[in-house]
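Enquirer: Attaching a predicted model along with its sequence, questions to come.
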Amino acid sequence: MKKINLLLSSLLLLSVFLFSSCDKDDDPTTATVEYKITPMNPHFTNIQYTDANGNFVDITDWEQFVDGKKTVTVKKPFPARIKTDIVNTTTETLYYDLVISVNGEIKQVVSATAPPQSNSMAVAEYSVK
């Protein structure tokens, strides 16, 4: 009888351990989306991205796009999108990337250029499923 109780207790402890070690943050219905612009520079006049509710957010002060990135937690499916407008007032071509990552994994990269003395626009999109 003691062996059966010990076996049942061991099985119970093992099942509690296995259940508690499951990642509770691993929700298959949500995802973390990160929008990133690299390198960030003061020539960006508008940055638009899709927020967690699926609405477009416009940022007209490049410094508000802190460290060149924004992170949102979204419900799947989700249409991730980032768009930039840039006014290059320099005599050099500006090069930059728009990056969309999902749960830390890069899913979309759009390399863009802004020719000297011109206005340019770039868009990156990814459907989170």
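Expert: Good, I have the coordinates. No experiment lies behind these values; they were computed from the predicted model shown.
Enquirer: So the most centrally placed residue in the chain versus Val123, what's the distance?
Expert: For the chain, the residue sitting closest to the mean C-alpha position, by Cα atoms, centre = their mean, is Glu34 at 1.5 Å. Relative to Val123, Glu34 is positioned 17 Å away (Cβ to Cβ, to the nearest Å). C-beta here means a position set from N, CA and C on the backbone, and glycine is covered the same way.
Enquirer: now swap in Thr32 and tell me
Expert: 21 Å.
Enquirer: which residues in the protein form strands?
Expert: With strands called from DSSP state E, the chain shows them at 30-38, 44-50, 56-59, 69-75, 78-88, 94-102, 105-114, 118-128.
Enquirer: Using JSON lines, please lay out those together with mean pLDDT.
Expert: Output for the strands of the chain, formatted as JSON lines (pLDDT from 0 to 100):
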{"stretch": "strand 30-38", "mean pLDDT": "98"}
{"stretch": "strand 44-50", "mean pLDDT": "98"}
{"stretch": "strand 56-59", "mean pLDDT": "97"}
{"stretch": "strand 69-75", "mean pLDDT": "97"}
{"stretch": "strand 78-88", "mean pLDDT": "98"}
{"stretch": "strand 94-102", "mean pLDDT": "98"}
{"stretch": "strand 105-114", "mean pLDDT": "98"}
{"stretch": "strand 118-128", "mean pLDDT": "98"}
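Enquirer: Setting aside sequence-adjacent positions, which residue approaches Thr71 most closely?
Expert: Glu34 (4.7 Å; Cβ to Cβ, 6 or more residues apart in numbering).
Enquirer: correct me, but that neighbour touches Ile100?
Expert: Yes - contact criterion Cβ atoms under 8 Å: Glu34 and Ile100 qualify, at 7.3 Å.
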